[in-house]
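Q: 3D, please:
(2 chains)
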Amino acid sequence: MSPGHRVPRLPGWRSTVGWALFACVGPLSAATFKATLLVPADDPRLERSRLDRAALGHPGGPAVDALKVALAEGESELDAAGAKLALELVEVADPAAAKGAATKAEKAGSAALVTDLPAAWTLAVADAVKLPVLNIGAADDSLRQADCRRNVLHLGPSERMRADALAQTLVARRWSRVLLLTGPSPADLARGAVAQAAIQRYRLKLVASKPFKLSADPRERDLANPLLLTQAAATGDYDVVWVVDSDGEFAAGLPYRTALPRPVVGDGGLVPLAWSPKFERYGAPQVTRRLVKAAGRPMGAHDWAAWMAGKALVAASVAAPKGPAATWQKALAEAELDGSKGVAMGFRAWDGQLRQPLLLSDGQSVVATAPAEGILHPKNALDTLGADAPEKLCRNR
Amino acid sequence: MNRWRPAFALTTALALATPLAWAQGLAYVSSEKDHALTLIDLKTLEVVGTLATCKRPRHMQLSPDGKQLVVACGDSHQADVIDLATRKSVRRIGLGEDPEAFDISPDGKTLYVSNEEDGALSIVDFASGKLTGSVKVGKEPEGVKVSTDGKTVYVTSEVANLVHAVDVASAKVTHNIKVGKRPRRFALTPDGGQLWVTNELDASVSVISTRDHSVSATIRFELKGARSTDITPVGITMSRDGKRAFVALGRANHVAFVDVASRKTTELVLVGKRAWGVALNGAETQLYVVNGLSDDLTIVDVASAKAVKTVKVGRVPYGVVVVE
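A: Next up, the predicted model:
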């Protein structure tokens, strides 16, 4: 463990955060539900250089901060229902440790686990326990499709939801010719395929798809130089450059460096997000400011997912304050949550994904929201984002 | 502070320079992004001026004597008290951090204010402008209503999905009443027996019996062609005889007329985008509806249940008060 990388260094390997609820009304002998948050030890996402870069959609700090905000703001509702929530934070170093910690938490009586972990670790946790697992860290579509699990609920949007939101925005703008640039990492390749599928689903035109590489080597300039990558002579004219860059450094430097004066979208320029601190509607600034007060940073997309996990735990405890576990778990899966995005949001029965509007932002303002106006769905327009029920992509639920 | 005065004086002067047609009455519309009120002549239904006020004006109410307009400003953390005869600000009262809405005690002596940021209900002495108390409530409190006997204050918490009943004498929460998702604003029947609260994310109004603090009914709104998720009720008002309620349905862009006795929607009137604050004129022949997402105000003829005219107002309009 190298010190200094993580923002709040909690005493010891394991710490329990108890929640004193203000007891103005309601019974004192309230039922206590315990939730265990599993986070990676020495989280590479929280290295200082990454936090400084502050790429849109990347974590801005530890998940526990926004989760605590949600539990604190749920106090009066929990109190009125006669329930309490306690949170325990456990750092894990690898999938095996995650599995061990999950089993231990289940034995110790946790009601639910919250995971801010990579996909493989999340899966190891989900398979080790019968408890509900609230996933806030892994946007991978595999967890909603081939590797979906009955006990997993996803708070943040999947990659496909984000790609769909962006594709809808391009359709609404009639920016239909897309030049796609994809990075070299396995995550980039997977997400590039998701982007291509969204481009196809919304009948956008893929004028060219090129790999890029972050490099200063003159021998690789065809792969690394934005001007060369975006020459229209080679690709034909395009309306936007859609960049898939999970790392974020290349995408951050792409706007205004293209050969043609065209907007950049995807992981740079206009980015589809679960949340933006620039969102002004539906009480959003109050939510953002609550995290500023608690943790000294505005709420980002990853914080929002963590906050929603807390809101879901509160909702289940308010709906089933006396338990038993099965009733509480049912209440959790059926919760209708207010995430300050203007609509009540519930989990999709077919893959456990929280349906939600997404925000399109360049970091300066919220430019658009998705579902875009005019995109229709027979039941719920929110289900135009991500995998829909008839596709039956999750067979385990 | 001083450098703002000239602008303020100028706007006021401009507003005062307009003709005497105002005698017939005005609608005052607050707009969150303008730090100003828009004035609409009730006879011509035209904008006749603007009045600079404190920062981010939201909820407004007349003082019990009807001579002053009290405007709560979220970013100034103050109320602006405007003398209606001169249309000049006469004083500012501190309302605590990020005040959103308020109500005035029946004797006119006390303001009860929801502080959105702090999750508190502030108690302010109107005459001295002093904060005399604060009651902790759920996060993002909004609607505030004082009971007819002045003994209880009701406040919604948008986050906790509760209506808190606060006992004035002890300044304590005595009841937490579970209502629908994201409760926003109140209307009280004239006999004080029923408290109606709009639930923004539940497409409904909860009817609370003030006798035992229980929810006696939930009125659901439906609109042909709209999904329930698009029906987001916020603004609400009632006729003086308590027979009819008017509920702005938010993103459904309609106002519902509701028969209070049967709790049935009788009319649905198309207005502007995100219909929000509502107010009736004195004769209750016209309903003024503020449209938060189209920056305008729609005037609805109550008898025919039809929109008569839509007038452009300020940016992100919030509420409307009619002065006749």
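Q: so where's the chain uncertain?
A: No chain was given, so I picked chain A. A:1-30 (pLDDT under 70).
Q: chain B, not that one
A: For chain B, applying pLDDT under 70 flags the ranges B:1-24.
Q: show me what from it comes close to chain A.
A: Neighbours of chain A within chain B, by C-beta under 8 Å from any C-beta of the partner chain: B:98, B:116-117, B:119, B:136-140, B:157-162, B:164, B:172-176, B:178, B:181-182, B:201-202, B:227, B:229, B:232, B:251. All C-beta atoms are positioned from the backbone trio N, CA, C, and that covers glycine.
Q: just the buried ones among the residues you listed, please.
A: Taking 16 or more other C-beta atoms under 10 Å in any protein chain shown as the criterion, what is buried in those is B:98, B:116-117, B:119, B:136-140, B:157-162, B:164, B:173, B:175-176, B:178, B:181-182, B:201-202, B:229, B:232, B:251.
Q: against residue A:219, how distant is residue B:127?
A: 80 Å (C-beta to C-beta, to the nearest Å).
Q: now residue A:373: closest residue in space, sequence neighbours ignored.
A: Spatial nearest neighbour of residue A:373, chain neighbours left out: residue A:172 (6.9 Å); criterion: C-beta to C-beta, 6 or more residues apart in numbering or on different chains.
Q: how about the contacts made by that neighbour?
A: Residue A:172 makes contacts with A:368, A:372-375, as judged by C-beta atoms under 8 Å, 6 or more residues apart in numbering or on different chains.
Q: over to residue A:73?
A: By C-beta under 8 Å, 6+ apart, the residues touching residue A:73 are A:290, B:119, B:138-139, B:159-160.
Q: can you map out the strands along the stretch 1-150 of chain A?
A: Ranges of strands in the stretch 1-150 of chain A, per DSSP state E, counting those that start in this stretch, are A:14-17, A:31-40, A:83-92, A:112-115, A:133-135.
Q: quick check: bridge partners of the nearest residue to residue A:41 once chain neighbours are set aside?
A: Spatially, and ignoring its direct neighbours in sequence, residue A:41 is nearest to residue A:91 (4.1 Å; C-beta to C-beta, 6+ apart). According to DSSP bridges, the residues that bridge with residue A:91 are residue A:39.
Q: next, find the distance separating residue B:261 from chain A.
A: Distance, residue B:261 to chain A, by C-beta to the nearest C-beta, to the nearest Å: 30 Å.
Q: correct me if wrong, but that residue is in a helix.
A: No - counting by DSSP: H, G, I helix; E, B strand; the rest coil, residue B:261 falls outside a helix, being coil.
Q: so what's the residue count around it?
A: 9 (other C-beta atoms under 10 Å in any protein chain shown).
Q: do the same with residue A:227
A: Using other C-beta under 10 Å, residue A:227 is surrounded by 10 other residues.
Q: likewise for the one 10 residues further on?
A: Taking other C-beta under 10 Å as the neighbour definition, residue A:237 ends up with a count of 11.
Q: ok, now how distant is the residue in the stretch 201-324 of chain B that chain A sits nearest to from residue A:209?
A: Taking C-beta to the nearest C-beta, chain A has its nearest neighbour within the stretch 201-324 of chain B at residue B:201, 4.4 Å off. Counting by C-beta to C-beta, the gap between residue B:201 and residue A:209 amounts to 41 Å.
Q: where do the helices sit along chain A?
A: A:48-53, A:63-73, A:75-81, A:95-107, A:119-128, A:159-173, A:186-201, A:221-224, A:226-229, A:232-235, A:249-252, A:284-295, A:301-319, A:325-333 (DSSP state H).
Q: those residues of the stretch 201-350 of chain A touching chain B, which are they?
A: So far as C-beta under 8 Å from any C-beta goes, the stretch 201-350 of chain A lies against chain B at A:283, A:286, A:289-290, A:336, A:338, A:342-344.
Q: and those, which two are furthest apart?
A: Greatest spacing in these, by C-beta to C-beta: A:289 and A:336 (24.4 Å).
Q: and stretch A:89-103, which residues are buried?
A: By neighbour count on 16+ other C-beta under 10 Å, the buried set for stretch A:89-103 is A:89-92, A:95, A:97-102.
Q: can you pull out the helices in chain B?
A: B:5-17.
Q: sorry, back to before: what's the closest of the buried residues of stretch A:89-103 to chain B?
A: Nearest member of the buried residues of stretch A:89-103 to chain B, counting by C-beta to the nearest C-beta, is residue A:89, at 22.6 Å.
Q: surely the closest one touches residue A:64?
A: Yes - because the distance of 5.5 Å satisfies C-beta atoms under 8 Å, residue A:89 is recorded as touching residue A:64.
Q: from the opening residue of stretch A:111-123 to its closing one, how far?
A: Terminal residues of stretch A:111-123 are spaced 18 Å apart (C-alpha to C-alpha, to the nearest Å).
Q: now it: buried residues?
A: Buried positions in stretch A:111-123, judged by neighbour count with 16+ other C-beta under 10 Å: A:111-123.
Q: coming back round to it: make TSV from the helices of chain A and add distance to residue B:62 to it.
A: Below are the helices of chain A laid out as TSV (distance: least, C-beta to C-beta, whole Å):
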stretch	distance to residue B:62
helix A:48-53	51
helix A:63-73	33
helix A:75-81	31
helix A:95-107	57
helix A:119-128	57
helix A:159-173	44
helix A:186-201	54
helix A:221-224	67
helix A:226-229	61
helix A:232-235	64
helix A:249-252	53
helix A:284-295	27
helix A:301-319	38
helix A:325-333	44
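Q: among these, which is the most enclosed?
A: Mean neighbour count (mean count of other C-beta atoms under 10 Å in any protein chain shown) peaks for helix A:301-319 among the helices of chain A, with a mean of 27.
Q: what's around the spatially closest residue to residue A:237 that is not a sequence neighbour, how many residues?
A: Leaving aside its chain neighbours, residue A:237 sits nearest to residue A:177 (6.6 Å; criterion: C-beta to C-beta, 6+ apart). By the criterion of other C-beta under 10 Å, residue A:177 has 17 neighbours.
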